[in-house]
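# The following comprises the amino acid sequence and a computationally predicted model.
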Amino acid sequence: MVSHLNAATFKEKVFNYETNKDWKFEGDKPCMVDFYANWCAPCKMVAPILEELSVEYEGKIDIYKVNTDEERELSSLFGIQSIPSLLFVPKEGTPQMAMGALPKESFKRAFKEVLKVE
């Protein structure tokens with residue numbers, strides 16, 4: 001199941017940007033954050049793919065969504081200029097950002113290469 005995050009839940013589950021200057025992942029398993037908006041056509045194309053992946057990777061990866069219209073501070077913190085913007089967050093190491101509506105196979109490849117999950 002894909003979960004929606006606001007600034008407070010983002011700080012709790014992904015990264016507490018108020019207390020940490022350097023990246024420190026707060027989650028217990030790798031995650032992916034989809035920065036989206038309800039009016040965005042490519043975002044609407046990605047949504048069902050993310051729902052499928054959340055079932056396929058249940059228990060291995062957390063998939064989150066952040067509404068850029070509602071969470072402007074969070075979006076600006078990550079320099080979101082275009083949507084969808086996808087933040088891949090491994091358990092260890094640096095997160096990576098991807099832009100645009102990716103096909104399902106690209107998500108799976110990123111899960112394997114960036115998140116180290118198959």
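Nice, thanks for sending it over. Everything numeric in this text was worked out from a predicted model, so none of it was measured.
# For the rest of this, base every contact and every neighbour count on C-alpha atoms.
Will do.
# List the residues that contact the nearest residue to residue 83 once chain neighbours are set aside.
Beyond its immediate neighbours in the sequence, the residue positioned closest to residue 83 (Cα to Cα, 6 or more residues apart in numbering) is residue 36, lying 5.6 Å away. The neighbourhood of residue 36, defined by Cα atoms under 8 Å, 6 or more residues apart in numbering, consists of 43, 65, 66, 67, 68, 83, 84, 85.
# Among these, which are located in helices?
Judged by DSSP state H, the contacts of residue 36 include residue 43 as members of helices.
# Show me how to select, in PyMOL, the buried members of the contacts of residue 36.
Remark: buried members of the contacts of residue 36, expressed as a PyMOL selection using 16 or more other Cα atoms under 10 Å:
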select buried, resi 43+65+66+67+68+83+84+85
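# between the contacts of residue 36, which is nearest residue 109?
Top of the list for closeness to residue 109, among the contacts of residue 36 and by Cα to Cα, is residue 85 at 16.5 Å.
# do you know how far the closest one is from residue 20?
According to Cα to Cα, to the nearest Å, residue 85 stands 23 Å off from residue 20.
# next one: residue 61
When distance is defined by Cα to Cα, residue 61 is 23 Å away from residue 20.
# got the contact list for the most far-flung residue of the chain relative to its centre?
Going by Cα atoms, centre = their mean, the residue of the chain most distant from its centre is residue 19, 20.4 Å out. Applying Cα under 8 Å, 6+ apart, we find residue 19 in contact with no residue.
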